[in-house]
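S.K.: compute the structure for the input listed below.
(chains A, B, C and D, ligands or ions: 4)
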Amino acid sequence: MTILFETRSLTKSFFGITAVNNISLEVEEGKILGLIGQNGAGKSTLMNLIGGVHQPDSGQMLLADKAYTPRNPADAKQAGIAFIHQELNLFTNLTIAENIFIDGFPTRRIGPIRFIDRGQLKRETASILEWVGLDVPADTVIETMSPGERQLAEIAKALYFDARIIIFDEPTTSLTARETERLFEIMRQLRDTGKAVIYISHILKDIAAISDSIAVMRDGVLMAQESAESFTIDRMINLMVGRKLEQLYPPKTAQSEPDTLLQVKNVSAKGLVKDIDLSLRGGEILGLFGLMGSGRTELARIIFGLDQFDAGEIYVEGKRRTANSIRNSIKNRIAFVTENRREEGLLMNVSIADNTTLVSLPQFANDLTLYVNQQALSDAAQQASQILQLKSGDITTQAAKALSGGNQQKVVIAKWLLNEPMIFIMDEPTRGVDVGAKYEIYTIIDQLAAIGSGVLFISSEIEELIGMCDRILVMSQGEVVGEFTRSEFDEERILRAAFREGEEKPHAAVK
Amino acid sequence: MSAIQTEHEPQTLNLKRIKATDLATSGSLSDRLVRWGKKLLLSDYFILIVSIIAYVIAAQFFDRLARPLNMTNQLSNMWPLFAVAIGQTFVLIIAGIDLAQGATIALASVVGAMIMAENLNPDMFDKLPFWGSILTENGGLLAGSPIATPVAVIGMLVSGLLVGLIVGTLITRFNITPFIASLVGFIFFSYFALWLTQSRNISGLPESFVNLGDSGELISVYFGPKLDPEIRRRDILAVVTASTVITLGLAFFAGYLLNRTIFGKHMIAIGTNPRAAEISGVPTRRVITLVYMFSGLCAAVGAILYTARLEIGQPTLGGLNLLLDIIGSCVIGGSSLFGGKGSIKGTFFGVVFFVLLGNILDAAQMSPFVIDAVKGLFILIAALLDYTRTRLVRVEQST
Amino acid sequence: MRRLSESRLFNFIINNSTGILFVVILAFFALTAQNFFSLDNALSIIKNASFIGVLAVGMTFVLLTAGIDLSVGSNMYLSAVVAGLLMRQFDIPVWMGLLTALSIGGLYGLFNGFCVVVLRIVPFMVTLATLVMGRGIGTFLTQSEQVDLPERVNEFGQLRLLGIPMPVIVFLIVLLIAIYILRYTPLGRQMYAVGNDPDAAKKAGVNTDRVIWSVYVISGIAAGLVGFVLASQVMRVDRSFGESYELDAIAAAVIGGTSLFGGVGSALGAVFGAILLQMVEAGLVFRSVNLYLQPMVKALVIFIAVFFDGIRTANIAQQRRRYIRNDLDDTDAPVSSASLPEPKPVSES
Amino acid sequence: AQEGLTICFGFQDLETEFWVAGHRAITQTLRDQGVEVLEFNANEDPNRQLEQVRDCIAEGVDGIIIIPQDGDSAVTIVNEAQDADTPIAVFNRPPNDRERGIIVVADNEIITEQAVEFMAQKALRQYEITQEPITPLILVGALQDTNAIGRRDGFFNVIARYNERYPGMFKEPIEVATEWDAATALANLEAAITANPDVDFIFTSSDFLFPTIRSVLEPRGMWAPTGDPNHVIMGGLDGDATACMLIDQGYVDATGVQDLFLEAELTLSGILDAIEAGDYQPNAVLPDPGFALTAANIQYQRSDMWGCVLYDEGFLDN
Ligand SMILES: Nc1ncnc2c1ncn2[C@@H]1O[C@H](COP(=O)(O)OP(=O)(O)OP(=O)(O)O)[C@@H](O)[C@H]1O
Ligand SMILES: Nc1ncnc2c1ncn2[C@@H]1O[C@H](COP(=O)(O)OP(=O)(O)OP(=O)(O)O)[C@@H](O)[C@H]1O
Ligand SMILES: [Mg+2]
Ligand SMILES: [Mg+2]
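M.R.: Ligands and ions are numbered 1, 2, ... in the order given. Take a look at the predicted model:
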């Protein structure tokens, strides 16, 4: 075993918060290192230091026993470090191929003039795409791709060049089990060819399954780095959170009520969804499962009034909705946590407090003078951030973009919570959230249901749906293809339904 | 001026405090200077302070700058520019741009004059489109009537609101980028105003209107000997005029809207991320349209001040040069063309910068052949200093 | 089936709306104004569109990176002044004059780039300042007097190749070079990337400074070129030479589909926008429209063109969007699952 | 006697030869006499000019000379100065109310009429011979500029007058917008000539557009001196050096001349005399009748035209 890379007493702080505190980490050749920690523990920041995105305040880094001081991402790349960022860094106006080769296109000469060699570009891209299992043409423009496909494209982009260290910062947040499995396959291949892999995830089961060694961070400090065998899930959680988590899901307190809050009848939108029938009662948590691209997000957007539909009806509290508009929905206290927090969820440059109170602003304002009660507003934001255990500086001054990924997700949820939603549509609400915070979010979902709200819970993590929901609907190709009540919950059956497979031939990918 | 003076007090207080601590830590003079310089650079009032320091230094060389009358002149020059820039600030905050302001000033000026002008010479005006109906030999629509001025003022404000409504509608309903929508408005209404008067100015505005500008003196000062029987007009300094009151009123209203109301929060949300704002229930279209209407309103207020001081309705008021000064003032004052940033205070400082820069350059009596080159250089330096400031602020905050 | 073909026609119209608008305007003037539809007039329109057109092509590069160049008009003036003065004072040949104008334009752009990249001042302020400065320097050099160009420049200006006026040829060459850079070189694609997300570009290892610097130089060279070519047409450079051309250049670029927020746009679009504008202007002269109404009509055409372009892009985006289901053209027929693309398992583990 | 005086000179822009020459005539003469001159450029913004005049008053200058942007803002500015006891003179563009201030008037409309009159005479002779109606074209200046409007009015007055006397002599004039920009003029003139190849009578609202006109006409074989059958009757206004040269060469038939030197002299003597007399509100109207320099009178009146003086000094030489 050889140590390919190490950090020595690395420290970095932002705005008085020490995100990375005196960390000495070792990365071995031919091994997969799992890195875990709560939201805001400093994982991404540590990786950003390695990847040249930020520069450390103090400490050193050694790459193959030589001092390594990247001034920018290009330096890191030069040194053989590939980095798949937590937030997507794709150029939405360019094709996959162009994204992959943006810093080094293959060219060829025609006469005296050099041209980008589009043929070669396409060929090379196609082979990488096949490797990561993304089945779209190389000249697909990113804009037209779903979040999951984009994440695969991002991975392909990082893998095309021959790196020595590959960093995956939560790469599976938009992937389904199948793509995740494929990704692990790739990671193992990389390891077997002698590369070092760093893998960050909040899905501890995955970490346990794939890592050779595991490092745990808490509040910027490295708590432990040991071989994977010496960790159990409980120990990981204990080290991460600093306490024991008895259960992953809170005890269920909510009871479904008889009255129907939301009724979707025969709703169709050309090319997207067809003949959707769905009803949601007060106090009910309704799960919506499906594979990538099965149309759950589209359905959620239609219900929220963000997109229009061609046929069918939607009833809210028994009243037929005539105008399909966002503001109508908000007036009816429907909330929508988007799966795309960067583009649709947050005002990145605006303070956390202002983000948190954006939806419920009218509550704090005088109708006539429009005057906003600043004190009430920041109190409410403060309260919400405490409930969700937001890890941040001063919420009235810190901008949302300076939060860690998971904490950003909490802000999106807090924003809707303040409006006291009656129907809460959550599209992948726990994506990128740590175990502790997940528990908090589940508790909130449960409490909401307990006071009579209905929750439409969209997730790709089948376990959490089983843990939380009263009922699960399964979607495939824009249609509802299965419904399971709590007593019928069974992971394999639900997955089969999602694949549209008969009971008799279980799919190979399903374990 | 009052705004500037009150802001000065904390500054001197800070100075004292620094001195006290310095004594305790026995910092050297250069240390103190560095610290003081840093403090200045980090202040929100940076552009204002730089402008005033530059002005004070320049006044040592060109004593005409220090004359009281010159100072009150500069003050009165700021108000109309500031009034228009307030509207532009709003538009910049929502990541827009309003070129149509240039035309709005012209249109409002002409519309107002067509309502209230007295006596029009038929030789000059009989080719106008509305000759014989709105305009006659006796003047505009309401010539001579006591309600002429108030109606004209309302008419001007309404034309500003209308132009804003049209530009806002192009943006929100027809999905046209603000630059083009307002450019279309700029070209269209510029020539519409010219067509209305066939390029002619309309003079003969009533006294009651003219007094809305800086000839409407509210507080004047005289520094001469006490019992001089004949005070020359030029020795009387108009410190507070109608235009001061109108513009400051507008500024405080805008500041209230921006900083204290839900409307302002919605503006910032739209300027930062329109999609997220929309999904969070912000009525984006309505807010955007209202912001452009407010911008038109501000331009119309500017038109009132300009028209009153020139005493003519003029279809060529405004224009591109003025527009660049206005947007420049906003940007120097901290507004970003990419939205989400901007303040009324900052814009005021930007206006101060542009007005004082013009005054200093004129006072320096540089050859007209080099003055523009120097002006450009100074704009660049100011922008550079401001950038250095924001960078330092960031560094300061992170440690 | 009928509905399908209808929707196809509809889609065709929508997807080519800007082109159709162009043809409609052309047809209108061709039918209502004598001599409008002629090769001569076409060449004249393209020639006169070439000045704004070349500026707009240069501007497109800057806009692609979410920058702006307000200084092109002043740059034209300064480049033409220096070239003109040198040709008068030192009798240098025309080609050297052209080279001078290109270099001055390039240096001007280099300075803009320096302020944006190194001093990190926002492009709007930089180019606003150099707009004032550039004209100021030109005024200083000429003491505000006009520069009359020597006679031999006129020969160059009136040059024709196969009957095609020189400015049209220049226009074509500029277009080809721009298309080459934007579509076929790494630098060009990086410009799109920088405009789309500068941070991501940095993380991807793109030398964003170099990219940004180069767009200002390109825009500067284009301005220098226009300065010289236009001067060779009007044979005189006075103080208002090129004044407020920046707005027309930006308008032409935006009509051609370029976004002011970066990442979207093409050189061909800019050329198209410039020609459309010039065609309308010429048509209005042909029809002897009232002088006050001419600019108002022009404004309306800009509005309509941009409006249609918006619809077109929205529609193309809509069509490009991949759907979950293929029931777009008829809702009645049930979707057989056989016709759906099967979700293929990626690994057979 | 002028030593120690300070005079403030506010002008609009120096964008054409005419204004540059006027600027020079005024500032140099004053400085030669030992007067301190404060210069202010308002960049075509009357409001800015008003501000600058106020600054001059604040400065306590002895007198003010302005070239206003238009006749109406001039009234306001003159009142402003006189109310503050500062003598003021207005150069070239007259205020619409001529009661206050020293006003040196050059009436664009009337001078234009003189030049176009000469052209029309020539056209009449041609019309009488060929009986072909004349197709007139006018290059109109910026619609924002009152001078341009005055010149356009003068042009139309003459055309109307001739059509009244000789019905059918002139076709409907073709108006071409220039926005005072050579490239716009180039494009629009080219379009207009393509649309109406029979144009044989061109008036430009400013002489500075002659090179542009040439580059449109020359390739079409329409750039020909008097006497040539392809000659287009041509005239302009300003009286600059190029116009003088082109009249010499026979391409241009007439140009309306504002007597720049006379105007400068009237302005200066007016204001200096008032200062000497201690008159704070001097009022006078001093007309510059202007004249048309034509192919017919260029021998006698050459030296009265500022452009010819420049031309003869070698202004256009390389
Ligand atoms: N650019 C930045 N500016 C200011 N503060 C930052 C910045 N980036 C990160 N931080 C702060 O540093 C801390 C660590 O953040 P980091 O993104 O490294 O967390 P993480 O472990 O990756 O969390 P997650 O699992 O949620 O992604 C957080 O408190 C965050 O607010
Ligand atoms: N931003 C987008 N632009 C265009 N098309 C999109 C976009 N997002 C999604 N789609 C399309 O919609 C389909 C469904 O998207 P998506 O993958 O989000 O569905 P989903 O059922 O919500 O799955 P998941 O939430 O797991 O991603 C995809 O096939 C994709 O083609
Ligand atoms: Mg992270
Ligand atoms: Mg989804």
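
S.K.: model confidence score at B:Asp228, please.
M.R.: Looking at B:Asp228, its pLDDT is 57.

S.K.: what do you get for A:Gln263?
M.R.: pLDDT at A:Gln263 comes out at 92.

S.K.: chain neighbours aside, what residue packs nearest to it?
M.R.: Spatial nearest neighbour of A:Gln263, excluding adjacent residues (C-beta to C-beta, 6 or more residues apart in numbering or on different chains): A:Tyr315 at 4.0 Å. Every residue, glycine included, has its C-beta placed from N, CA and C.

S.K.: and the one you found, which of the three is it?
M.R.: Using DSSP: H, G, I helix; E, B strand; the rest coil, the three-state assignment for A:Tyr315 comes out as strand.

S.K.: tell me where the stretch 151-300 of chain B has strands.
M.R.: Secondary structure of the stretch 151-300 of chain B, counting by DSSP state E, counting those that start in this stretch: strands at B:202-203, B:217-222, B:236-241.

S.K.: ranking these by mean pLDDT, which is last?
M.R.: Looking at the strands of the stretch 151-300 of chain B, the bottom one is strand B:217-222 with a mean of 71.

S.K.: residues from chain A in reach of ligand 1?
M.R.: Listed as neighbours of ligand 1 in chain A under the rule C-beta under 6 Å from any ligand atom: A:14-15, A:17, A:19, A:37, A:39-45, A:86, A:391-392, A:402-407, A:434.

S.K.: low-confidence stretches in the chain?
M.R.: The chain I'm using is chain A. The model of chain A has pLDDT under 70 over residues A:1, A:502-511.

S.K.: actually it's chain C I care about, not the one you picked
M.R.: C:1-6, C:320-349.

S.K.: that one: strands as residue ranges?
M.R.: C:147-148, C:160-161, C:164-165, C:236-237 (DSSP state E).

S.K.: now these in TSV, with mean neighbour count?
M.R.: Converted to TSV, the strands of chain C look like this (neighbours: other C-beta atoms under 10 Å in any protein chain shown):
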stretch	mean neighbour count
strand C:147-148	22
strand C:160-161	10
strand C:164-165	18
strand C:236-237	26
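
S.K.: let me have these in JSON lines, adding distance to chain A as columns.
M.R.: As requested, the strands of chain C are exported to JSON lines (distance: least, C-beta to the nearest C-beta, whole Å):
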{"stretch": "strand C:147-148", "distance to chain A": "37"}
{"stretch": "strand C:160-161", "distance to chain A": "22"}
{"stretch": "strand C:164-165", "distance to chain A": "23"}
{"stretch": "strand C:236-237", "distance to chain A": "34"}
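
S.K.: what sits against the spatially closest residue to A:Gly104 that is not a sequence neighbour?
M.R.: Spatial nearest neighbour of A:Gly104, excluding adjacent residues (C-beta to C-beta, 6+ apart): C:Pro186 at 7.3 Å. C:Pro186 sits next to A:102, A:104-105, A:107, A:116 when contact means C-beta atoms under 8 Å, 6 or more residues apart in numbering or on different chains.

S.K.: my read: C:Ile164 touches C:Asp40, true?
M.R.: No: look at C:Ile164 against C:Asp40 with C-beta atoms under 8 Å: they stay out of range, at 11.5 Å.

S.K.: can you say which of the residues of chain A next to ligand 1 are buried?
M.R.: A:14-15, A:17, A:19, A:37, A:39-45, A:86, A:391-392, A:402-407, A:434 (16 or more other C-beta atoms under 10 Å in any protein chain shown).

S.K.: take those and keep only those in strands.
M.R.: A:14, A:17, A:19, A:37.

S.K.: give the contact list for the last one.
M.R.: Right, the one you point to is A:Gly37. Residues in contact with A:Gly37 (C-beta under 8 Å, 6+ apart) are A:43, A:216-218, A:240, A:434.

S.K.: and the lengthiest helix in chain D, what's buried?
M.R.: The helix that spans the most residues within chain D, counting by DSSP state H, is helix D:108-130. Using 16+ other C-beta under 10 Å as the test for burial, helix D:108-130 gives D:108-120, D:122-124, D:126-127.

S.K.: is it in proximity to chain B?
M.R.: No: Helix D:108-130 is not in contact with chain B by C-beta under 8 Å from any C-beta of the partner chain; minimum separation 10.9 Å.

S.K.: alpha carbons of that helix, as PDB, please.
M.R.: Extracted in PDB, the C-alpha atoms of helix D:108-130 (Å, rounded to 0.1, in the frame of the first residue of the first chain):
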ATOM      1  CA  ASN D 108     -31.100  79.400 -41.600                       C
ATOM      2  CA  GLU D 109     -34.400  79.500 -43.500                       C
ATOM      3  CA  ILE D 110     -33.500  82.700 -45.400                       C
ATOM      4  CA  ILE D 111     -30.000  81.700 -46.200                       C
ATOM      5  CA  THR D 112     -31.200  78.400 -47.500                       C
ATOM      6  CA  GLU D 113     -33.700  80.100 -49.600                       C
ATOM      7  CA  GLN D 114     -31.000  82.200 -51.300                       C
ATOM      8  CA  ALA D 115     -28.900  79.100 -52.200                       C
ATOM      9  CA  VAL D 116     -31.900  77.000 -53.300                       C
ATOM     10  CA  GLU D 117     -33.100  80.000 -55.300                       C
ATOM     11  CA  PHE D 118     -29.900  80.000 -57.400                       C
ATOM     12  CA  MET D 119     -30.300  76.300 -57.900                       C
ATOM     13  CA  ALA D 120     -33.900  76.600 -58.900                       C
ATOM     14  CA  GLN D 121     -33.000  79.300 -61.400                       C
ATOM     15  CA  LYS D 122     -30.600  76.900 -63.000                       C
ATOM     16  CA  ALA D 123     -33.200  74.100 -62.900                       C
ATOM     17  CA  LEU D 124     -35.700  76.400 -64.500                       C
ATOM     18  CA  ARG D 125     -33.500  77.000 -67.500                       C
ATOM     19  CA  GLN D 126     -33.100  73.300 -67.900                       C
ATOM     20  CA  TYR D 127     -36.800  72.700 -67.500                       C
ATOM     21  CA  GLU D 128     -37.600  75.300 -70.100                       C
ATOM     22  CA  ILE D 129     -35.300  73.500 -72.600                       C
ATOM     23  CA  THR D 130     -36.200  69.900 -71.900                       C
END
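
S.K.: and residue 299, how many residues sit next to it?
M.R.: Since no chain was named, I'll use chain A. By other C-beta atoms under 10 Å in any protein chain shown, the residues close to A:Leu299 number 29.

S.K.: ah, I was thinking of chain D
M.R.: Neighbours of D:Gln299 using other C-beta under 10 Å come to 7.

S.K.: what residues does chain D put near ligand 3?
M.R.: Neighbours of ligand 3 within chain D, by C-beta under 5 Å from the ion: none found.

S.K.: and the residue of chain D closest to ligand 2?
M.R.: Chain D approaches ligand 2 most closely through D:Ala187 (43.0 Å), counting by C-beta to the nearest ligand atom.

S.K.: check the offset of stretch A:409-417 from the chain's centre.
M.R.: Taking C-alpha atoms, centre = their mean, to the nearest Å, one finds stretch A:409-417 lying 14 Å from the centre of the chain it belongs to.
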